[in-house]
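In: Attaching a predicted model along with its sequence, questions to come.
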Amino acid sequence: MSSSYRWVIVAAGALMTCVALGAMFSLAIFQQPIADATGWSHAGIASAMTLNFIVMGIGGFFWGAASDRYGPRPVVLIGSVILGLALMLASRAETLLQFQLTYGVLVGLSASAFFAPMIAATTEWFDENRGLAVSLVSAGMGVAPMTISPFARWLITAYEWRPAMMIIGIGALILMIPAALLVRRRSSPPQDTHEAIVSGDGGAPNLWKVFRSPQFIVLGLTFFACCAAHSGPIFHMVSYATFCGVAPMAAVSIYSVEGLAGLGGRLLYGTLADRIGVKPVIIAGLLVQAAALATYLAVSKLGEFYALAVIFGSAYGGVMPLYAVLAREYFGPRIIGTVFGAATMLSSIGMAFGPLIGGWIYDTYANYSWLFIGSALVGLGAAAIALAFPPLPRQKSQPALGTA
């Protein structure tokens, strides 16, 4: 198959991550309207997002392993169907428990079917400019706040929250099933030319060895802390801006500015990673993220929120896809779906803490100050852990086979 098809893979991956993650994160837009219409607590609604991340983490590992074995197309196709149906079911939930199970469990399970498999597929198609390509697939997550979130806000205003969520579910089916059918594996995948971290007896992948390796431990812990730092502020940003006196639609626009900045950050950080290396770019981005989180304590006006959204969005958006590039460099192409799925599971556990803790902080203290203080400290911890990344493996002229 022509190497030009690799850009079709990038485009399909970007579209699916945009719709899937955009639909999941749109709960931040639905939170207040759902609370007003149903009387459910903010913490109760936000716990659906916590379930999203927990289920997404577990699902990411298994979907990633399935993509290694069966290929990415059946994985993303099944995920597309589940996502659309889950959103439609959630729109009909009559109790908080029903909503938590449909939106929290099913949407989280479906959303996990795209990121790790499509990132793994992209790293297989690209031998050069891998950082940029992975960042472009991940850019769908950055486009989502500029598309899905304003669309959700408009639908809620026009039709209330239940019809709005139903329409988004139907739209997900219409957009994502054709995109999933475009996904292909590379006809001649690259050989694993790294020193052996992954091999066991006879060259079979030794996953127990992989998951005990310093490379995976540092990768997983950094990814976990990074996501634990920014998940709460991202989810509660609209509510925080509204609390500070920003009008609701303008508050949603802050979320969109973060997404636009994340798109630019992915391109910038991905290009820099290809030129100067992945590790220094990740460390720098984590430090910028921590500084931005602390600065949110000092903002209150719309212009200030916009300015900080550019810095914060570009930092967390630019860093996120680079963990996949680092996993590919450490472990090679054969089990990248499994390895990155496992790392994504840890990151999703980190993401799960933020929305719930942020909701509890607001319900308890009627403000978000402790959320941003705690998030900034965790962000500094992520940068400290990243300093311990082991050196990248040396390239060899032929596949490396190690011993268990």
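Out: Cool, the structure landed.

In: isn't residue 134 right next to residue 321, touching?
Out: Yes: using C-beta atoms under 8 Å, residue 134 makes contact with residue 321 at a distance of 4.7 Å. Just so you know, the C-beta spots here come from the backbone N, C-alpha and C atoms, and that holds for glycine as well.

In: Mutual contacts of the two, please.
Out: In terms of C-beta atoms under 8 Å, 6 or more residues apart in numbering, residue 134 and residue 321 are both contacted by the residues 119, 270.

In: so which helix or strand takes in residue 325?
Out: Taking DSSP states H and E as the definition, one finds residue 325 inside helix 322-331.

In: Can you show me the CA trace of that helix as CSV?
Out: Extracted in CSV, the C-alpha atoms of helix 322-331 (Å, rounded to 0.1, in the frame of the first residue of the first chain):
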residue,chain,number,x,y,z
LEU,A,322,4.8,12.3,23.4
TYR,A,323,4.4,9.5,25.9
ALA,A,324,3.5,7.2,23.0
VAL,A,325,6.6,8.2,21.1
LEU,A,326,8.7,7.5,24.1
ALA,A,327,7.0,4.1,24.5
ARG,A,328,7.7,3.3,20.9
GLU,A,329,11.4,4.2,21.3
TYR,A,330,11.8,2.1,24.4
PHE,A,331,9.8,-1.0,23.4
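
In: what's the next secondary structure element after that helix?
Out: Sequence-wise, the next helix or strand downstream of helix 322-331 (DSSP H and E) is helix 336-365.

In: Could you point out which residue ranges in the stretch 201-350 of the chain have low pLDDT?
Out: Low-confidence segments of the stretch 201-350 of the chain, defined by pLDDT under 70, span residues 201-205.

In: if we go to 90?
Out: Where the stretch 201-350 of the chain drops to pLDDT under 90, the residues are 201-215, 231-279, 297-304, 313, 316-350.

In: just to revisit the earlier point, tell me the buried residues in the helix holding residue 325?
Out: Neighbour counts using 16 or more other C-beta atoms under 10 Å place 322-331 of helix 322-331 among the buried residues.

In: quick one: the helices in the stretch 51-200 of the chain?
Out: Listed in chain order, the helices of the stretch 51-200 of the chain (DSSP state H, counting those that start in this stretch) span residues 72-90, 96-99, 108-111, 115-125, 130-159, 161-181.

In: Let me have these in TSV, adding mean pLDDT, distance to residue 65 and mean neighbour count as columns.
Out: Shown next, in TSV, are the helices of the stretch 51-200 of the chain (pLDDT from 0 to 100; distance: least, C-beta to C-beta, whole Å; neighbours: other C-beta atoms under 10 Å):
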stretch	mean pLDDT	distance to residue 65	mean neighbour count
helix 72-90	93	10	22
helix 96-99	91	30	16
helix 108-111	88	15	27
helix 115-125	81	9	28
helix 130-159	80	19	23
helix 161-181	93	18	19
